[in-house]
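>>> Curious how this folds, go ahead:
(chains A and B)
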Amino acid sequence: MLGALTLLLLYQLAGEVIVQFFALPIPGPVIGMALLFATLVVRGGVSNELRDTASNLLQHLSLLFVPAGAGVMVHFSRLGEEWPAIVGALVISTFVTLGVTGLLLCAFLKRGESQP
Amino acid sequence: MTPRLAEIWVYLAASPLLGLTLTLLAYQGAYWLYRHSGMNPAANPVAIAVAIIVALLMLTDTSYATYFEGAQFVHFLLGPATVALAIPLYAQLPRLKRMFGPALVALAIGSLTAIVSAIAVGWALGASRPTLMSLAPKSVTTPIAMGIAEKIGGLPSLTAVLVVATGILGAIVAQWLFRLLRVKDEAVQGFAIGLAAHGIGTARAFQISETTGAFAALAMGLNGLATALLLPILIRAWGG
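Numbers count the residues shown, from 1 in each chain, chains lettered A, B, ... in the order given. Below is the predicted model of the structure:
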């Protein structure tokens, strides 16, 4: 648990250093995820400890969004003024993005199966 | 309140303990409701937990900044959790190799759809520029979206709220929409949820199946990368 958590933090740290060093527009944890993924592919496996720690951490992934979500109280006045545009944009964009991505990938995969 | 209790309250209100405990309690309460609703997507635990916390903070006249001093410890874990997504992703490696090309094209078009549709609808309905720039990265996970919003002239804290709202919305409507559109493949469903509704969608996807969750994690990571790369370029091209 402790070793695996340290490992995750080290990869995040490596990601942050790379982002700062090359002035990349990508956040450090995403680079850290890519680095860890590459490491797993090269090593050809995940240790049980790392797998258990990751699954513990990811089991309540949505908890981690609660503090940011509570920030809504700071923006009540802006939301009060602009809510039709914000609600409209969120609802329409979320539906369209889900639909377009789902249908597109479905169509691609079907075409791939019909011409092997 | 007796003077003694008031003293204790002043002491506790200034320490991070209260914010942290409140976050965990509110979430567990919300999760209990969610489980007892038979995991109904409409009873989204993030939405309920946020409602409980905001109500309590306003009732006790506590500022968000004070609350966040404690809640930041939970918020911080988003970083290592993002790194940890590499593990379920790795578990899907064989399947990932088979659909690599189609997934990449779906990623590019899906990511553009998320950005352009949010800006276009917001603009048509008269949103201000800082609001539009905060809406643009709404489909990617909080730390990424906040970083992007800062770079393009949005408000990072507003972005965080819009990101969470998008995630909740995506988690609630996804399965209903897929039934309507007859998208049955679990990997495809996961990919679309992760791309459109990041971590909150991914958390929901893991409850549908391991495969759905892994592909949601994949799409969430990829869309984080794609949006971080595409959005600043798009805004510059727009003459922003």
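
>>> So the lengthiest helix in chain B, near chain A or not?
The single longest helix within chain B, with elements called by DSSP state H, is helix B:210-237. Yes. Using Cβ under 8 Å from any Cβ of the partner chain, helix B:210-237 reaches chain A at B:217, B:219, B:221, B:224-225, B:228-229, B:232. Placement of C-beta: from N, CA and C, glycine included.

>>> those helices in chain A, which residues are they?
Ranges of helices in chain A, per DSSP H, are A:2-22, A:28-43, A:48-59, A:66-69, A:76-114.

>>> With respect to burial, which of those helices scores highest?
Ranked by mean neighbour count, the helices of chain A are led by helix A:66-69 with a mean of 27 (mean count of other Cβ atoms under 10 Å in any protein chain shown).

>>> For the closest residue to residue B:204 other than its chain neighbours, I want the exact helix or strand it lies within.
Spatial nearest neighbour of residue B:204, chain neighbours left out: residue B:171 (3.8 Å); criterion: Cβ to Cβ, 6 or more residues apart in numbering or on different chains. Per DSSP states H and E, residue B:171 falls inside helix B:156-181.

>>> what helices or strands is that helix leaning on?
Helix B:156-181 sits against helix A:66-69, helix A:76-114, helix B:45-59, helix B:129-135, helix B:142-152, helix B:186-208, with contacts defined as 3 or more Cβ pairs under 8 Å, 6 or more residues apart in numbering or on different chains; DSSP states H and E.

>>> Tell me which residues of the fourth one come out buried.
I take that to be helix B:129-135. Across helix B:129-135, burial judged by 16 or more other Cβ atoms under 10 Å in any protein chain shown covers B:131-135.

>>> residue ranges with poor pLDDT in chain A?
Applying pLDDT under 70 to chain A picks out residues A:113-116.

>>> ok, residue B:178 touching residue A:102?
Yes. The criterion here is Cβ atoms under 8 Å, and residue B:178 meets it with residue A:102 at 6.2 Å.

>>> tell me, what's touching these two both at once?
Common neighbours of residue B:178 and residue A:102 are listed as B:189, B:192 (criterion: Cβ atoms under 8 Å, 6 or more residues apart in numbering or on different chains).

>>> Domain map for chain A?
Annotated domains of chain A cover A:1-60, A:79-116 [automatic domain parsing].

>>> buried sites along the helix holding residue B:171?
For helix B:156-181, the neighbour count (16+ other Cβ under 10 Å) marks B:156-175, B:177-178 as buried.

>>> now swap in stretch B:181-192 and tell me
Buried residues in stretch B:181-192, defined by neighbour count with 16+ other Cβ under 10 Å: B:183, B:185-192.

>>> same deal with stretch B:72-85?
For stretch B:72-85, burial by neighbour count (16+ other Cβ under 10 Å) applies to B:74-75, B:77-85.

>>> From those, which land in helices?
B:74-75, B:78-84.

>>> near chain A, which of those show up?
Checked against chain A using Cβ under 8 Å from any Cβ, those yield the following neighbours: B:74-75, B:78-84.

>>> Export these to a markdown table and append columns for pLDDT.
What follows is those, written out as a markdown table (pLDDT from 0 to 100):
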| residue | pLDDT |
| --- | --- |
| B:74 | 94 |
| B:75 | 92 |
| B:78 | 88 |
| B:79 | 89 |
| B:80 | 93 |
| B:81 | 90 |
| B:82 | 86 |
| B:83 | 90 |
| B:84 | 91 |
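
>>> If any of the residues of helix B:210-237 next to chain A are buried, give me the PyMOL selection for them.
Typed into PyMOL, the next command selects the buried ones out of the residues of helix B:210-237 next to chain A (criterion: 16+ other Cβ under 10 Å):
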select buried, chain B and resi 217+219+221+224+225+228
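
>>> Nearest to residue B:46 among the residues of helix B:210-237 next to chain A?
Nearest to residue B:46 out of those is residue B:217 (Cβ to Cβ; 17.2 Å).

>>> In space, what's closest to the closest one - neighbours in sequence excluded?
In this structure, residue B:217 finds its nearest non-sequential neighbour in residue B:85, 4.3 Å apart by Cβ to Cβ, 6+ apart.

>>> Contacts only, for residue 91.
Picked chain A for this. By Cβ under 8 Å, 6+ apart, residue A:91 lies in contact with residue B:169.

>>> not what I meant, chain B
Listed by Cβ under 8 Å, 6+ apart, the contact set of residue B:91 reads A:46, B:210, B:214.

>>> I'd like those residues laid out as a markdown table, including distance to residue B:55 and neighbour count.
Converted to a markdown table, the contacts of residue B:91 look like this (distance: Cβ to Cβ, whole Å; neighbours: other Cβ atoms under 10 Å in any protein chain shown):
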| residue | distance to residue B:55 | neighbour count |
| --- | --- | --- |
| A:46 | 41 | 19 |
| B:210 | 35 | 14 |
| B:214 | 36 | 28 |
